[in-house]
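**Student:** return atomic coordinates for the entry below.
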Amino acid sequence: MRRRYLLLLLSLLSPWAMADWHVEPDYSRISFVSVKRGDIAEVQRFTNITGMIDGQGAVRVVMPFADLDSGLALRDERMRDLLFRSERFPQAELVGQVDLAQWEQLPVGESEIGTVDFELDLHGHQQRLKADVMVSRLAEKRIQVATLEPVVLKAELFDMQDGLKRLREVANLPAIASEVPVSAILDFQQRP
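**Tutor:** Below you'll find the predicted structure:
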């Protein structure tokens, strides 16, 4: 009995017991679809995502606009400069709170569906949003969180209408949709 308590105490004091969950950028992606001319869709993504979930379940994920990738360098530059105004707002940031203890109790190979409330800070404006997600325990120290359906963001909520107008003008487009569906796959690995 005494040995069991000693092992429990040692496990609680180990670096892994207090380890945070860090975003693995190679396995994580946040992407969105923009529509121009009414029927031309283009997929764009943030590739070098950083962030973590701390031991209390506080989440912070950062999407640097410098790492926006649409597959076309000129479009990336215009999006960064005209829409996101990345010199003034270099990144978007997502913060929230999750029930980390519940996620950590998932057996390896199991998944669960839930809803995550979060706040998105984009273009100097914050909005409370929700996402239906699937949380999967891929390994003992690896969790993946994926949206089950896209979260639709509206440009007007983040004061980005002028940026859309400038994009339309410079690209000589009749229209660019002011609402975009956003999907995410975030891979977290536990590290001391």
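**Student:** residue 23: how many residues sit nearby?
**Tutor:** Other residues near residue 23 come to 22 when the count uses other Cβ atoms under 10 Å. No exception for glycine: its C-beta is placed from N, CA and C like everyone else's.
**Student:** residue 179 versus residue 46, what's the distance?
**Tutor:** Applying Cβ to Cβ, to the nearest Å, the value for residue 46 to residue 179 is 18 Å.
**Student:** any idea which strand is longest in the chain?
**Tutor:** When the chain is parsed with DSSP state E, its longest strand is strand 125-139.
**Student:** show me what it is packed against.
**Tutor:** Other elements packing on strand 125-139 under the criterion 3 or more Cβ pairs under 8 Å, 6 or more residues apart in numbering; DSSP states H and E are strand 111-122, strand 142-147, strand 151-154.
**Student:** burial check on the closest residue in space to residue 107 that isn't next to it in sequence, number of neighbours?
**Tutor:** Of all residues not flanking residue 107 in the chain, residue 137 sits nearest, at 6.4 Å (Cβ to Cβ, 6 or more residues apart in numbering). If you count neighbours by other Cβ under 10 Å, residue 137 ends up with 19.
**Student:** hmm, back to that, now the helices and strands packed on strand 125-139 in TSV, with mean pLDDT and mean neighbour count?
**Tutor:** Below are those laid out as TSV (pLDDT from 0 to 100; neighbours: other Cβ atoms under 10 Å):
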stretch	mean pLDDT	mean neighbour count
strand 111-122	97	15
strand 142-147	98	19
strand 151-154	97	15
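**Student:** residue contacts, residue 168?
**Tutor:** Listed by Cβ atoms under 8 Å, 6 or more residues apart in numbering, the contact partners of residue 168 are 174-176.
**Student:** one more time with 7 Å, if that's ok
**Tutor:** Taking Cβ atoms under 7 Å, 6 or more residues apart in numbering, we find residue 168 in contact with 175-176.
**Student:** check residue 103 too.
**Tutor:** 135, 143.
**Student:** again, 10 Å this time
**Tutor:** By Cβ atoms under 10 Å, 6 or more residues apart in numbering, the residues touching residue 103 are 21, 53, 57, 112, 114, 135-137, 143, 145, 188.
**Student:** next, give me the two most distant ones among the residues you listed.
**Tutor:** With Cβ to Cβ as the measure, no two of the contacts of residue 103 lie farther apart than 57 and 136, at 17.3 Å.
**Student:** after the lowest-mean-pLDDT helix or strand in the chain comes which helix or strand?
**Tutor:** Least confident helix or strand, the chain: helix 2-13 with a mean of 45, by mean pLDDT, DSSP states H and E. With elements assigned by DSSP states H and E, the helix or strand that comes after helix 2-13 is strand 20-23.
**Student:** understood, closing this out.
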